[in-house]
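Enquirer: here's my sequence, what's the structure:
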Amino acid sequence: MHALVESTRENFVSIDDSLFDWLLLLVIIVLLVAIDLYRHRDDHEISGREALTETIVWIVIGFLFGSYIASKFGSGAFGEYTSGYLIERALSFDNVFVWSIVFTTMGVPLKFQHRVLFWGIFGALVLRALFIGGGTAMISRFEWVVMIFGVFLIYTGIKVYRHRAEEGTGAQRMMAFVQRFMPVTTTYDGHRFLTKVNGRRTATPLLAALVVVELTDVVFAVDSVPAILAVSNEPYLVFASNAFAILGLRAMYFLLATARGRFHYLSHGLGAVLAFVGLKMVLAPWVHIDTYLSLGVITAILVAAIYFSERKTRRLRRETRTGSVEDPPHAEARELE
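Expert: Residues are numbered from 1 along each chain as shown. I've put the predicted structure just below:
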């Protein structure tokens, strides 16, 4: 078994990252976070055009850093970084939709949602760093963890593929849990997370929403971090791909939060991606799947999910316009016949 795992590690790239590389990465992240916080200091409502522009900018920044990795560490490192980036981006769709449920349920005004997500994503970066450090340490020390991660991802992929209809209920349970341990006022005090009611310091709904956002990220990190560890064993590449994917989540949220109904087959695509990378991890000691082949498979799955979702959306719109969609009572009667 030890020899098999050693051969598996040889299938991934090994980079000689230095303290300078880590400092450069952290400086870029801090600078981007500071610029984003400054741009949204006025708590304005983000329009669809602004969200689209910011989403494109974040994607470009992510791939610009990928080009730095390619020039510094080679094409193999670039392939692993890009695979990790794409996996994290894809799995983040679920984050976006759950955030939408949380904000809708808690009645958080649109102009304050960016502030909650800013600090939520800041906390997510710290959390992912801990998860990645722990995950890579476990894999290097305990060989059987590779198999455990792979089986877990396959199980999760099947569960996601079958569609988790209870996502909203889970978010509501988290909010009820938070309110048991934290006094939360029903009124807002600007964009503050804490306020005073009758001389007593109390959390505003914004802080409650922030805690729920962090709790949901813990749940999603359990899926996404092992998935990325299936395509790279280098902490630098794994964290960089995670960081740049996560930094663009706020813009993606404002772009897609109201478009969940368009992605009919998204859960199927995400489930297939998780199952694929899990299978890749389980088979890795015996069968090596090339990094760029993995990247191609993941891309093809996501493109297919989006393509068929758009086709179904257009078909449903045509049927609605032409009145060819049966009324539920008639459809039910047909089924009884």
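Enquirer: just the pLDDT at residue 186, thanks.
Expert: At residue 186, the pLDDT value in this model is 73.
Enquirer: buried residues of stretch 64-82, list them for me.
Expert: 65-66, 68-70, 73, 76-82 (16 or more other Cβ atoms under 10 Å). (Each C-beta comes from the backbone N, C-alpha and C, glycine too.)
Enquirer: dump that stretch to PDB, restricted to CA.
Expert: The C-alpha trace of stretch 64-82 is given here as PDB (Å, rounded to 0.1, in the frame of the first residue of the first chain):
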ATOM      1  CA  LEU A  64      -3.700  35.900 -14.500                       C
ATOM      2  CA  PHE A  65      -2.300  34.400 -11.300                       C
ATOM      3  CA  GLY A  66      -2.600  31.000 -13.100                       C
ATOM      4  CA  SER A  67      -0.300  32.400 -15.800                       C
ATOM      5  CA  TYR A  68       2.200  33.400 -13.100                       C
ATOM      6  CA  ILE A  69       2.100  29.800 -11.800                       C
ATOM      7  CA  ALA A  70       2.600  28.500 -15.400                       C
ATOM      8  CA  SER A  71       5.700  30.700 -15.900                       C
ATOM      9  CA  LYS A  72       7.100  30.000 -12.400                       C
ATOM     10  CA  PHE A  73       6.300  26.300 -11.900                       C
ATOM     11  CA  GLY A  74       5.400  24.900 -15.400                       C
ATOM     12  CA  SER A  75       2.400  23.700 -17.300                       C
ATOM     13  CA  GLY A  76       1.800  20.800 -14.900                       C
ATOM     14  CA  ALA A  77       1.300  23.200 -11.900                       C
ATOM     15  CA  PHE A  78      -0.900  25.400 -14.100                       C
ATOM     16  CA  GLY A  79      -3.100  22.400 -14.900                       C
ATOM     17  CA  GLU A  80      -3.500  21.400 -11.300                       C
ATOM     18  CA  TYR A  81      -4.200  25.100 -10.300                       C
ATOM     19  CA  THR A  82      -6.800  25.400 -13.000                       C
END
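Enquirer: need the residues that contact it.
Expert: Stretch 64-82 has contacts (Cβ atoms under 8 Å, 6 or more residues apart in numbering) with 12-13, 15, 17, 21, 25, 28, 63, 85, 231-232, 234, 237, 240-241, 244, 291-292, 295.
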